[in-house]
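Asks: what's the 3D shape of this:
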Amino acid sequence: MAGFSVPRYGPDRGAWGRLTARDSVVRRLDWPLLGSAIALSFIGSLLVWSATRGRDSLTHGDPYYFLFRHALNTGIGFALMIGTIWLGHRTLRGAVPILYGLSVVLVMAVLTPLGATVNGAHAWILLPGGFSLQPSEFTKITIILGMAMLLAARVDAGDQLHPDHRTVAKALGLAALPMAVVMGMPDLGSVMVMVVIVLGVLLASGASNRWIFGILGAGAAGAVAIWQLGLLDDYQIARFAAFANPALDPAGVGYNTNQARIAIGSGGLSGTGLFQGTQTTGQFVPEQQTDFVFTVAGEELGFLGAGLILVLLGVVLWRACRIARETTELYGTIVAAGIIAWFAFQAFENIGMTLGIMPVAGLPLPFVSYGGSSMFAVWVAIGLLQSIRVQRPIAA
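Replies: Okay, the predicted model is just below:
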């Protein structure tokens with residue numbers, strides 16, 4: 001990695017050069033960010049293993065089945081991060097039209113016979129070998145990169161101080177197309193994340209506050225219209241009903257949340273011990289290796305172990321905020337801000353739904369939950385953050 005070529009700017013931001021050994025890529029990486037992401041993935045491997053090792057119907061009799069696959073997903077994600085750093089976020093900026101078009105094609109492919117339904121959401125493409133792909137995870141990245149490219153183009157060129165209304169409208173149109181397709185699946189959880197990403201991107205870009213308030217107002221009106229017109233599926237309505245009234249049908253629609261809260265509450269301060277949780281070994285919590293993996297931490301590692309996950313997620317967000325603040329190009333700031341909004345909201349929603357303070361939305365916990373598409377996407381995002389840090393202007 002020390003031999004990577006990265007841009008070096010003089011005081012006038014004009015010259016390119018090769019970094020010296022002292023300023024090598026390895027030295028310029030954000031190690032707290034990388035270390036926290038690795039630690040979260042390692043903890044996730046243990047939690048996924050604990051949640052699945054006794055479930056023969058899922059593991060086909062191999063207790064290491066999910067552990068191996070989770071480790072493989074993490075390894076592939078790490079390789080994608082290295083590739084992203086090597087290419088650089090500026091190189092990817094030029095490839096945004098291709099990446100965006102590919103992501104839209106993949107999302108639309110879900111609506112063809114290639115698509116498959118998992119847990120009520122027709123959001124997957126089944127691949128040979130028992131693997132599956134969720135294109136909406138990669139769409140989050142292309143929305144961030146696409147909007148950043150449009151919003152920052154004239155500002156970074158020195159033609160404008162802030163994006164004008166026409167540019168903002170184009171950026172919103174770019175995000176609206178894949179979001180509409182994902183909404184039609186329906187994958188409400190991913191759409192919620194994308195809306196938060198759009199808001200984070202606009203705030204970082206310096207766009208007029210009228211756009212922010214307009215989107216919030218339109219979102220509220222749209223939610224009311226969707227509810228009144230009956231556009232939500234029955235299982236989605238049931239999830240919101242269970243959130244509003246936790247006592248509603250505790251053995252049915254409210255079962256997941258109730259069992260999740262029991263599991264977390266039984267862990268106490270230090271937990272029951274890894275592989276020793278009665279809720280986990282008894283298989284009382286559905287989807288425990290994916291959406292409800294935090295319940296394994298709460299039960300078996302207790303408040304201290306669950307708190308460690310929160311601290312590590314906090315470090316990831318803190319370092320990402322620092323990277324966004326230190327870069328001198330708007331494009332890098334917007335990309336970092338979009339990733340921050342994505343990670344922060346998705347982590348809050350995932351942990352919140354296990355505690356009963358947020359509705360169940362089927363979103364994985366970044367770096368921790370089992371799932372290839374999610375793991376690949378979050379590690380690419382780490383690669384983008386590291387690239388922004390590595391390629392930030394330095395003294396000549």
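Asks: Give the buried residues for stretch 30-49.
Replies: Under the neighbour-count criterion of 16 or more other C-beta atoms under 10 Å, stretch 30-49 has 30, 33-34, 36-37, 39-41, 43-49 buried. To be clear about C-beta, it is placed using only N, CA and C from the backbone, and glycine gets the same treatment.
Asks: For residue 94, state which of the residues you listed is nearest.
Replies: Closest to residue 94 out of the buried residues of stretch 30-49 is residue 30 (24.1 Å), distances taken as C-beta to C-beta.
Asks: need the contact list for that closest one.
Replies: Residues near residue 30 by C-beta atoms under 8 Å, 6 or more residues apart in numbering: 319, 322, 323, 385, 386, 389.
Asks: Can you say which two of those residues are spatially most distant?
Replies: The span of those, defined through C-beta to C-beta, is set by 322 and 386 at 12.4 Å.
Asks: what mean pLDDT would you report for the helix or strand harbouring residue 354?
Replies: Element membership of residue 354, judged by DSSP states H and E, is helix 330-355. Mean pLDDT, computed over helix 330-355, is 94.
Asks: Which secondary structure elements does that helix sit against?
Replies: Packing partners of helix 330-355 (3 or more C-beta pairs under 8 Å, 6 or more residues apart in numbering; DSSP states H and E): helix 89-94, helix 135-156, helix 188-205, helix 255-265, helix 294-296, helix 302-326, helix 372-390.
Asks: Show me what counts as buried in it.
Replies: Going by neighbour count (16+ other C-beta under 10 Å), the buried part of helix 330-355 is 330-347, 349-354.
Asks: now swap in stretch 378-395 and tell me
Replies: The neighbour-count check on stretch 378-395 (16+ other C-beta under 10 Å) flags 378-392 as buried.
Asks: That stretch: how far from the chain's middle?
Replies: Chain-centre distance of stretch 378-395: 17 Å, with C-alpha atoms, centre = their mean, to the nearest Å.
Asks: and if you look at stretch 180-191?
Replies: Counting by C-alpha atoms, centre = their mean, stretch 180-191 comes out at 15 Å from the chain centroid.
Asks: Could you do stretch 146-156 as well?
Replies: Stretch 146-156 sits 22 Å away from the centroid of its parent chain (C-alpha atoms, centre = their mean).
Asks: now swap in stretch 142-150 and tell me
Replies: That offset, for stretch 142-150, works out to 16 Å (C-alpha atoms, centre = their mean).
Asks: same thing with stretch 28-38?
Replies: With C-alpha atoms, centre = their mean, you get 17 Å for stretch 28-38.
Asks: and residue 29, what does it touch?
Replies: Applying C-beta under 8 Å, 6+ apart, the residues contacting residue 29 are 386, 389, 390.
Asks: and it, what are its phi and psi?
Replies: As for residue 29, its main-chain torsions (degrees, to the nearest 10) stand at phi -60, psi 150.
Asks: same check, this time on residue 115
Replies: When quoted as degrees, to the nearest 10, the phi and psi of residue 115 stand at phi -80, psi 160.
Asks: Please tabulate the helices and strands packed on helix 330-355 in TSV, including the columns distance to residue 287 and mean pLDDT.
Replies: Below are the helices and strands packed on helix 330-355 laid out as TSV (distance: least, C-beta to C-beta, whole Å; pLDDT from 0 to 100):
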stretch	distance to residue 287	mean pLDDT
helix 89-94	33	88
helix 135-156	17	91
helix 188-205	13	92
helix 255-265	7	83
helix 294-296	10	93
helix 302-326	18	95
helix 372-390	13	94
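Asks: need these in JSON lines with distance to residue 57, can you?
Replies: Below are the helices and strands packed on helix 330-355 laid out as JSON lines (distance: least, C-beta to C-beta, whole Å):
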{"stretch": "helix 89-94", "distance to residue 57": "41"}
{"stretch": "helix 135-156", "distance to residue 57": "26"}
{"stretch": "helix 188-205", "distance to residue 57": "25"}
{"stretch": "helix 255-265", "distance to residue 57": "18"}
{"stretch": "helix 294-296", "distance to residue 57": "18"}
{"stretch": "helix 302-326", "distance to residue 57": "27"}
{"stretch": "helix 372-390", "distance to residue 57": "20"}
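Asks: Okay then, goodbye and thanks.
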